Every structure is written in structure tokens, then in C-alpha cells.
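Novice: The sequence isn't on hand, but the structure is:
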């Protein structure tokens, strides 16, 4: 699918999110990468084979009651 030189990482690669964006829809919260991966603003992903990668959410500081 990718015609870039050097080619972008495939959707199976651990670095697949570094592929070039071919279609961005920030108003809808998603972008299509040249390797067929759809990435969402919440960091979730939809891979070309239909697998879903859930969002990576960092936990904020925990508040403890004194």
C-alpha cells in the first residue's frame, strides 16, 4: 500500500503509527495512515485486518484523603 521511500512501517510493525497520514479528519477525530491503519484522537486504533487497539490513557496523579 505504501509507495514512500523508504517505505513506512506495516500495520503489523510495532512502529506502525509513524506511517504517513494520507487522509486527516480532525473534525471527526480520526486519520488514515498509508499502511491502512485508522488512528483516533483518543489514541485508539483500527488496524486493516479489523483488530481494535484500545486507547492508551495515562493515569493522572492520585488524590488521597488525609
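Specialist: Nice, thanks for sending it over. Source: prediction; values computed, not measured. Numbers count the residues shown, from 1 in each chain.

Novice: Residues touching stretch 4-23, excluding its own?
Specialist: Residues outside stretch 4-23 that contact it (CB atoms under 8 Å, 6 or more residues apart in numbering): 2, 31-37, 39, 45, 47-49. Yep, even glycine has a C-beta here, placed from its N, CA and C like the rest.

Novice: Check the residues you listed and tell me the two furthest apart.
Specialist: 31 and 49 (18.3 Å; CB to CB).

Novice: Looking at these two, which has the bigger crowd around it?
Specialist: It is residue 31, of residue 31 and residue 49, that has more neighbours when counted by other CB atoms under 10 Å, with 16 against 8.

Novice: bridging residues for that one?
Specialist: Beta-bridge pairing for residue 31 (DSSP bridges): residue 24, residue 39.

Novice: pLDDT score assigned to the residue nearest the centre of the chain?
Specialist: Nearest residue to the geometric centre of the chain (CA atoms, centre = their mean): residue 39, 3.4 Å. For residue 39, the pLDDT comes out at 95.

Novice: correct me, but it touches residue 29?
Specialist: No - look at residue 39 against residue 29 with CB atoms under 8 Å: they stay out of range, at 9.7 Å.

Novice: Having no further points to raise, I will conclude here.
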